[in-house]
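*Asks:* below are the sequence and a predicted model; questions follow.
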Amino acid sequence: MMASKTVYVAGPYSKGDVALNVRYALGVAEALIDMGFTPYIPHLTHFWHLVYPHDIEFWYAYDLEWLAKCDALLRLTGESIGADKEVQFAHDHGIPVFHYYKDLAKHFPAE
């Protein structure tokens, strides 16, 4: 059963190997599930984009709509213009930002 706390997983997508970046985000999301969180993985729009491409600004705006609904943001390491914009959005909207997934458990104790 998933917890009510949702975590937006922000990190590199297009810098470096896209497939490895998506895989890494999924691995982190799996760890978040194991900790009782409900992760949102924007990297998965990669597959949507393969079938129905949109420009980058569409994806940035789409991601921010989801981020606004999340309880926290987890910033993965690595260079990313999009993730940096998401961190700024989170700060501007009072959404807590974490850089280490285990800090989420300290901030949101098990319900």
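*Replies:* Perfect, thanks for sending it.
*Asks:* regarding the residue nearest to residue 90 when sequence neighbours are not counted, what is its secondary structure?
*Replies:* Among residues not flanking residue 90 along the chain, residue 73 sits closest, at 4.3 Å (CB to CB, 6 or more residues apart in numbering). All C-beta atoms are positioned from the backbone trio N, CA, C, and that covers glycine. Assigned state for residue 73: strand (three-state reduction, DSSP: H, G, I helix; E, B strand; the rest coil).
*Asks:* pLDDT at residue 73, what is it?
*Replies:* pLDDT, residue 73: 98.
*Asks:* wait, what's in contact with it?
*Replies:* When contacts are counted by CB atoms under 8 Å, 6 or more residues apart in numbering, residue 73 touches 7, 8, 10, 67, 86, 87, 90, 95, 96, 97, 98.
*Asks:* now neighbour count, secondary structure and pLDDT too, for those residues, in TSV please.
*Replies:* As requested, these are arranged in TSV below (neighbours: other CB atoms under 10 Å; DSSP: H, G, I helix; E, B strand; the rest coil; pLDDT from 0 to 100):
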residue	neighbour count	secondary structure	pLDDT
7	26	strand	97
8	27	strand	98
10	28	strand	97
67	22	helix	98
86	26	helix	97
87	19	helix	98
90	22	helix	98
95	18	coil	98
96	16	coil	97
97	17	strand	98
98	18	strand	97
